[in-house]
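1. Here you go, sequence then predicted model.
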Protein chains: 2
Amino acid sequence: MSERREFRDLADPERAHDLIGSLDVGPGVETVPLREARDRVLAERVDADLDVPGFDRASMDGYAVRGRDTFGAGEADPVALDLVGEVHAGVEPDVTVEAGTCAEISTGAVMPPGADAVVMVEETDETDDGSILMRTAVAPGDNVMLAGADVAAGSRALGPGTRLTPREIGLLSALGRDEVPVRARPTVGIVSTGDELVRPGDALDSARGEIYDVNSYTIAAGVEEAGGEPRLYPHAGDDYDEMERILRQAADECDLVLSSGSTSASAVDVIYRVIEDRGELLLHGVAVKPGKPMLVGRLDPADGGEGDDSPSAYVGLPGYPVSALTIFRTFVAPAIREAAGLPEPRTATVTGRMAVQERYSEGRTRLMPVGLLEGASVAETAESAAGDTAETAAGDAGDDAPLVYPVDKGSGATTSLVEADGIVEVPADTDYLEAGEEVEVRLFSPDVRPPTLLGVGEDDPALSRLLDRLERPRYLPVGSREGLRRLRDGLPDLAVTAGPVDRDVDAPVIGGWTREWGLVVPADNPADVTGLADLVDRELRFVNRDTNSGLRASLAAAVDDLADERGVDRHDLVEAVDGFELGTKAHESPARKVAAGEADAGLGLRATADRLGLGFVSLGTQPVELRVNPARRGGDGVADLEAALAEFAIDLPGYAIDGDA
Amino acid sequence: MSERREFRDLADPERAHDLIGSLDVGPGVETVPLREARDRVLAERVDADLDVPGFDRASMDGYAVRGRDTFGAGEADPVALDLVGEVHAGVEPDVTVEAGTCAEISTGAVMPPGADAVVMVEETDETDDGSILMRTAVAPGDNVMLAGADVAAGSRALGPGTRLTPREIGLLSALGRDEVPVRARPTVGIVSTGDELVRPGDALDSARGEIYDVNSYTIAAGVEEAGGEPRLYPHAGDDYDEMERILRQAADECDLVLSSGSTSASAVDVIYRVIEDRGELLLHGVAVKPGKPMLVGRLDPADGGEGDDSPSAYVGLPGYPVSALTIFRTFVAPAIREAAGLPEPRTATVTGRMAVQERYSEGRTRLMPVGLLEGASVAETAESAAGDTAETAAGDAGDDAPLVYPVDKGSGATTSLVEADGIVEVPADTDYLEAGEEVEVRLFSPDVRPPTLLGVGEDDPALSRLLDRLERPRYLPVGSREGLRRLRDGLPDLAVTAGPVDRDVDAPVIGGWTREWGLVVPADNPADVTGLADLVDRELRFVNRDTNSGLRASLAAAVDDLADERGVDRHDLVEAVDGFELGTKAHESPARKVAAGEADAGLGLRATADRLGLGFVSLGTQPVELRVNPARRGGDGVADLEAALAEFAIDLPGYAIDGDA
């Protein structure tokens, strides 16, 4: 068995921050066209090198005059001035305004010689003899912008480090700049490791344990978001030479190299050796959960490479997607932002309140993935959340602070990526976070917006369509039984159940429908399955759902009925069905196994069978019920759901909406 | 004189919102590679069409076993299992785990037939005979992720309208998607009008009244920020045929066409006629300040154009940069966001408190440009701000809410763009906003961050360098006198004065330097100017600064001295200087006029003369003093300034830092 490297001397997270901060990731300065400068960061101060405007400029449509000629003018006593010409914007004046005269002038035009003020056209009248009556007096300078009054040549226009938003682009335009010096974007090489990884879009061989590479694109998107320029490199397996070649190529071409992917110790080992041989390993292992196997170092570029000779920064991320993104977000993104000169966006963190008590005692910093829920107050859930010590902690977060709840599906789960909104950093010496306690959530992305509705329960195709009509719902298909349990604990807004419900929960049903369930069989039903009895009496391979599923509950009830009918023990029937106890987690898995020829029958819906072009043996209909948390019924999320339900129609085989669920 | 169109029937702002909202700007759906999908918006629901993982997957490095074989195992009483092979990630298992056996397995590998659990390697020992000792018991399923347990095939993965951040990119990667259907970005054509406009980078002829085109790039950047795709079109003058051709080409190629630029009534008139002839004018004139001359309509595409035949939406923006951006931000950006499917960013607005009372009574909605200031509380300024009715209004904004103050330099000023951070919408029936009153500020950009320090006063090249060392300072070069006045009114943190200061202000001086001032003359001083007396006694063209400038104050003092010396009236001396009363606003204007041969001498600094390669006749040195608002001395902004000052050295001709200013 290969030698496995243990991470025994774990570094403090602070040390990891410091080390990464000390690496040189900054790529310097580049000049970009103004047209492409939005969102870039000015590398140096820009002083105005011209006056804006560059001339004394009329700021109204009207008549250019000598102010003193209008003194005493008023509505009742206008002053007549001879019109001697006109001046348009963009044209050099060819007229001089002498005493007693005026010139028509357009907004933006150059003040003609002699004139020092403009009378607005609205305060004038033309006369028949061609002179103009001024119905108001103006002082010299009125309705004129003097040269340099807007921006003075030589003055400081924008400081170094200024982020260029539309308004700064506007000022630079006014100064005539068509290119600007900005901080260059750090280039970040991304190397995913693991023989089992396949790029999205390519074919997958599950029998070999292949999975799609999640980290490459996720981290690339994170790099972009932090102001860096990602470069993807080919996957590296755990072959030393290949890994070395790819990592050194990346080091040659990039300011920072990130590896991620396989978490198997052997692959980590190979990387570890490459960094030690071809650079410098500064840190291995950090006392955080997740992220223990993090590496920090420097990587020398390839011999004879195109880049400069200085080493690149290197960080090794864990392989599990949520862990990789968590470590990236916590340790790496800030370094990229710093190098790019971009501040952390204000939306990168939010203050929320723990919805439930969370115990913790692992002795290392925990980067806890959490979900957020908007529009629900803690009191509602803290009360129902278990825990005799649950007492609302004091804090400054407003009542509209979102609820925060831990998402812990195991760090290997991709879905945690979208079920969690961010991370709460829990110090190593924390024993528990109290329900109601204020916590700072580092969002996975500044663009993350907390869901407005949290639903849990049965997976159902009609429900998916209903959810499409809501703004930002989050729905966790945990099954009817688990969904109901969670609703009773008080966190979700909604639980969706299918089939018989054995728990008594105080949660009003706000709507629902019925769906036809039964056995999904191959097209044209070659084995001529007619019902449940066939599964018991014949040699048929059956695929079941897990016990949280409402389909499984209806099937169990049907088994009970059959046992009663036959006067036998339920257990004997179940034993006779090949595959009854092996429940699949996945919604369509039974049907898909049938489609793949791996089973003769699977538990499922008529709608699924129809969609996949399979046969179907009906065993009945079951109700699907939407139950809401009574404390949330006044909230926006539930109100939107009820509004959507009110006009919801289902066009799916085997479905019917009962007017009164 | 051309016919001028008046906007007499002004529409309500709400009607403008509604009309723009009713225009079809949505460009539909496009498919993009996942790699480029960040920040895009999903156009339709994505369901999982495979199980993730696609196989039962080891989630730890260790040994694949039959769980029941380990029952009873413990540290003291390990169970030995025969090692029958190994399974690596990415390889199909070639071994079956029978009772009493185990197989070495890597994280991520396919569980071999027969095995149903994994014992972590840390809880095992190898023996000399090749068998493995299990020091713990595992239940079936332990350390295994079942197929579909992460994402179930057929389940709803992401809903329509989901914004794709790194985590959603991750989930889509896991599902093997390499391209996704997203909302297309609305294309927005931008047509600037005005014969006087010149594209940044091109040469400017100020004598003709040419100015750089500010709106095209500003609005283009705003369109990008709102999720649209801007297209710039050539400038159109106020020639009907040219305007028609350009507008219809834009209508052919874009979902929305924006015009902006010249505010002269004649150009507006031409656009007006084009829209009426070649489309439909739905609204002209809105009862807002600024933005009265706004147009809303539809534009038919060019005959035989490449786009579809449906008309494009059209909005005519005002010409002044701040007005254009204000109207764009208020009415147009929301429509682009809506079409792009992007929500308004949370950072698009902030709640602040009015720093001063602001009276208002114009009878139409005012979109008031405002500046923000972080880290200063209202009480400090409300107290000192004039106004007997100044009473802190109640509100919910926290004490750390930024201060809000009106920026009103006239809407023609480009610098308002960067001196203002956003807009407060003041309803038509509001008489005044109270100091301390809570207001909602619509930021010009979600990326706008309020300054941490607000300084006002003299323009000075050494000060520019000092400001470069601060995080986000805002400095308004309003001159020493005006700066001091504003400091006394309590809003700024800092006022910088140069020369003699005639106001008595309770504001501690925290540092400063001296600078050499005098007469800037052509290189080698061809007129042999020796001092102030030459300006009085000889026929020299002089360029002065305005009366707010500290340079002007020192010059005035020198004139007084000369008058005393000669025993004449000060006024007589001033009258004798050609150009004394004509003060330029711009910092370097006098020197630049000298350089351009338009003057024989200009008031200025030795540092400026040196920089521009001009001659210099010294008239003395003057102190430059940094005075801070006593109420802000504890604040971060002033603290950072003091820290920067402490290590500030000046390397500029004629400058000296006095240890104790």
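-> Received the coordinates, thanks. Numbers count the residues shown, from 1 in each chain, chains lettered A, B, ... in the order given.
2. Please enumerate the strands of the stretch 1-150 of chain A.
-> Listed from the start of the chain, the stretch 1-150 of chain A has strands (DSSP state E, counting those that start in this stretch) covering A:29-33, A:46-47, A:57-58, A:62-65, A:79-87, A:101-105, A:117-120, A:124-126, A:131-134, A:144-145.
3. same thing with the stretch 351-500 of chain A?
-> In the stretch 351-500 of chain A, strands defined by DSSP E, counting those that start in this stretch lie at A:358-359, A:365-373, A:403-406, A:422-426, A:432-433, A:438-443, A:453-457, A:473-476, A:494-498, listed in chain order.
4. Just give me how far the lengthiest helix in chain A sits from the chain centre.
-> For chain A, the longest helix by residue count, based on DSSP state H, is helix A:550-566. The gap between where helix A:550-566 is centred and where its chain is centred comes out at 44 Å by C-alpha atoms, centre = their mean, to the nearest Å.
5. Could you do stretch A:425-440 as well?
-> When distances are taken as C-alpha atoms, centre = their mean, stretch A:425-440 is centred 24 Å away from the chain's centroid.
6. Same check on stretch A:99-119?
-> Remark: stretch A:99-119 is offset 56 Å from the chain centroid, using C-alpha atoms, centre = their mean.
7. Report the mean confidence score over that stretch.
-> Stretch A:99-119 shows an average pLDDT of 94 in the prediction.
8. Endpoint to endpoint, it covers what distance?
-> From the first residue to the last, stretch A:99-119 extends over 15 Å; the measure is C-alpha to C-alpha, to the nearest Å.
9. Mind listing what's buried along it?
-> Of all the residues in stretch A:99-119, those buried under the rule 16 or more other C-beta atoms under 10 Å in any protein chain shown are A:101-112, A:114-119. For the C-beta atoms, the positions are set from N, CA and C on the backbone; glycine is no exception.
10. out of these, which touch chain B?
-> Intersecting those with the surroundings of chain B, defined as C-beta under 8 Å from any C-beta of the partner chain, gives A:104, A:106, A:107, A:108, A:109, A:110.
11. Serialize those residues to JSON lines and add fields for distance to residue A:175.
-> Compiled in JSON lines, those are given as follows (distance: C-beta to C-beta, whole Å):
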{"residue": "A:104", "distance to residue A:175": "30"}
{"residue": "A:106", "distance to residue A:175": "24"}
{"residue": "A:107", "distance to residue A:175": "21"}
{"residue": "A:108", "distance to residue A:175": "18"}
{"residue": "A:109", "distance to residue A:175": "21"}
{"residue": "A:110", "distance to residue A:175": "19"}
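12. Please enumerate residues in contact with the longest helix of chain A?
-> Under the criterion C-beta atoms under 8 Å, 6 or more residues apart in numbering or on different chains, residues A:458, A:479-481, A:497-502, A:517, A:532-533, A:536, A:544-546, A:569-570, A:572-574, A:583, A:603-605, A:619-620, A:622, A:624 lie in contact with helix A:550-566.
13. Pull the residues that contact the next helix or strand after that helix.
-> Where DSSP states H and E defines the elements, the next helix or strand beyond helix A:550-566 is helix A:570-576. With contact meaning C-beta under 8 Å, 6+ apart, helix A:570-576 is reached by A:535, A:536, A:537, A:559, A:560, A:562, A:563, A:566, A:580, A:581.
14. Dump those into JSON lines; add pLDDT and neighbour count as well.
-> As requested, these are exported to JSON lines (pLDDT from 0 to 100; neighbours: other C-beta atoms under 10 Å in any protein chain shown):
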{"residue": "A:535", "pLDDT": "96", "neighbour count": "26"}
{"residue": "A:536", "pLDDT": "95", "neighbour count": "22"}
{"residue": "A:537", "pLDDT": "95", "neighbour count": "11"}
{"residue": "A:559", "pLDDT": "96", "neighbour count": "19"}
{"residue": "A:560", "pLDDT": "96", "neighbour count": "12"}
{"residue": "A:562", "pLDDT": "96", "neighbour count": "17"}
{"residue": "A:563", "pLDDT": "96", "neighbour count": "17"}
{"residue": "A:566", "pLDDT": "95", "neighbour count": "12"}
{"residue": "A:580", "pLDDT": "90", "neighbour count": "20"}
{"residue": "A:581", "pLDDT": "82", "neighbour count": "10"}
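15. what's the farthest-apart pair in those?
-> The two members of those with the most space between them (C-beta to C-beta) are A:566 and A:581, at 19.9 Å.
16. circling back: by how many degrees do the longest helix of chain A and strand A:453-457 diverge?
-> Put simply, helix A:550-566 runs at 30 degrees to strand A:453-457, going by axes from the mean of the first three to the mean of the last three C-alpha atoms, to 10 degrees.
17. and helix A:550-566 with strand A:494-498, angle?
-> Angle between the axes of helix A:550-566 and strand A:494-498 is 30 degrees (criterion: the same axes, to 10 degrees).
18. can you pull the buried residues of helix A:550-566?
-> Neighbour-count burial for helix A:550-566, with 16+ other C-beta under 10 Å as criterion, is recorded at A:550, A:551, A:552, A:553, A:554, A:555, A:556, A:558, A:559, A:562, A:563.
19. Same list (those) but as TSV, adding distance to residue B:62.
-> Shown next, in TSV, are the buried residues of helix A:550-566 (distance: C-beta to C-beta, whole Å):
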residue	distance to residue B:62
A:550	35
A:551	34
A:552	31
A:553	35
A:554	38
A:555	35
A:556	35
A:558	40
A:559	37
A:562	42
A:563	41
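20. which of the residues you listed lies closest to chain B?
-> Checking these against chain B with C-beta to the nearest C-beta, the nearest one is residue A:551 at 12.5 Å.
21. and the gap between that closest one and residue A:559?
-> Going from residue A:551 to residue A:559 by C-beta to C-beta, to the nearest Å gives 13 Å.
22. count of neighbours near residue A:272?
-> For residue A:272, the number of neighbouring residues by other C-beta atoms under 10 Å in any protein chain shown comes to 18.
23. Also residue A:623?
-> Summarising burial for residue A:623: neighbours were counted as other C-beta under 10 Å, giving 18.
24. That one is in contact with residue A:514, isn't it?
-> Yes - with contacts counted by C-beta atoms under 8 Å, residue A:623 reaches residue A:514, the gap being 5.4 Å.
25. Spit out the residues that contact the two alike.
-> Common neighbours of residue A:623 and residue A:514 are listed as residue A:658 (criterion: C-beta under 8 Å, 6+ apart).
26. wait, which of the strands of the stretch 351-500 of chain A is closest to chain B?
-> Put simply, out of these the one that sits nearest chain B is strand A:473-476, at 6.7 Å, with distance taken as C-beta to the nearest C-beta.
27. Now do the closest one: distance to the chain's middle.
-> Its chain's average C-alpha position is 15 Å from that of strand A:473-476, according to C-alpha atoms, centre = their mean.
28. cool, stretch A:24-41 as well?
-> Centre to centre, stretch against its chain (C-alpha atoms, centre = their mean), the figure for stretch A:24-41 is 25 Å.
29. Stretch A:539-546 too?
-> Per C-alpha atoms, centre = their mean, the displacement of stretch A:539-546 from the mean C-alpha position of its chain is 39 Å.
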